[in-house]
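A.B. asks: Coordinates for the following, if possible.
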Amino acid sequence: MNTSTIITILIIGIYFIILINKKDSKLGINLKRVFCPKCNLKQPFIRKPTSVRQALYGGSTCEKCKTEMDKYGVEIN
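C.D. replies: Sure thing, here's the model as predicted:
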């Protein structure tokens with residue numbers, strides 16, 4: 001395989017991952033800013049994961065109210 005074929009395959013793969021971008025999917029990529037579902041604080045774009053789940057699938061913990069949310073801004077119980 002030459003370099004252009006590999007790059008094309010990677011671009012197509014990334015495109016399909018972005019298409020999976022649904023709130024039910026852990027594999028999607030969210031490129032939009034999220035807000036805390038409780039206090040409506042804008043979450044930083046560069047995040048610091050506080051758990052293994054956040055590191056693998058995305059998400060954050062609100063600095064103000066300590067609410068844990070997924071990468072789409074949906075609260076996790």
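
A.B. asks: And the strands in the chain?
C.D. replies: Taking DSSP state E, the strands of the chain run over residues 60-61, 68-69.

A.B. asks: Can you say which of those is nearest to Thr8?
C.D. replies: Closest approach to Thr8 among the strands of the chain (C-beta to C-beta): strand 60-61, 33.2 Å. (Glycine included, C-beta is placed from N, CA and C.)

A.B. asks: Give the other helices and strands that that closest one contacts.
C.D. replies: Secondary-structure packing of strand 60-61 (3 or more C-beta pairs under 8 Å, 6 or more residues apart in numbering; DSSP states H and E): strand 68-69.

A.B. asks: Please work out the average pLDDT along the strand it packs on.
C.D. replies: Mean pLDDT, computed over strand 68-69, is 93.

A.B. asks: what separates that strand from the chain centre, distance-wise?
C.D. replies: When distances are taken as C-alpha atoms, centre = their mean, to the nearest Å, strand 68-69 is centred 12 Å away from the chain's centroid.

A.B. asks: Pass me the low-pLDDT residue ranges in this protein, would you?
C.D. replies: 18-25 (pLDDT under 70).

A.B. asks: And the helices in it, which stretches?
C.D. replies: Assigned by DSSP state H, the helices in the chain fall at 3-19, 52-57.

A.B. asks: looking at those helices, which is buried most?
C.D. replies: Compared across the helices of the chain, helix 52-57 shows the largest average neighbour count, a mean of 13 (mean count of other C-beta atoms under 10 Å).

A.B. asks: give the contact list for Thr50.
C.D. replies: Going by C-beta atoms under 8 Å, 6 or more residues apart in numbering, Thr50 touches 60-61, 68.

A.B. asks: Narrow these to just the buried residues.
C.D. replies: Buried residues within these, defined by neighbour count using 16 or more other C-beta atoms under 10 Å: 60-61, 68.
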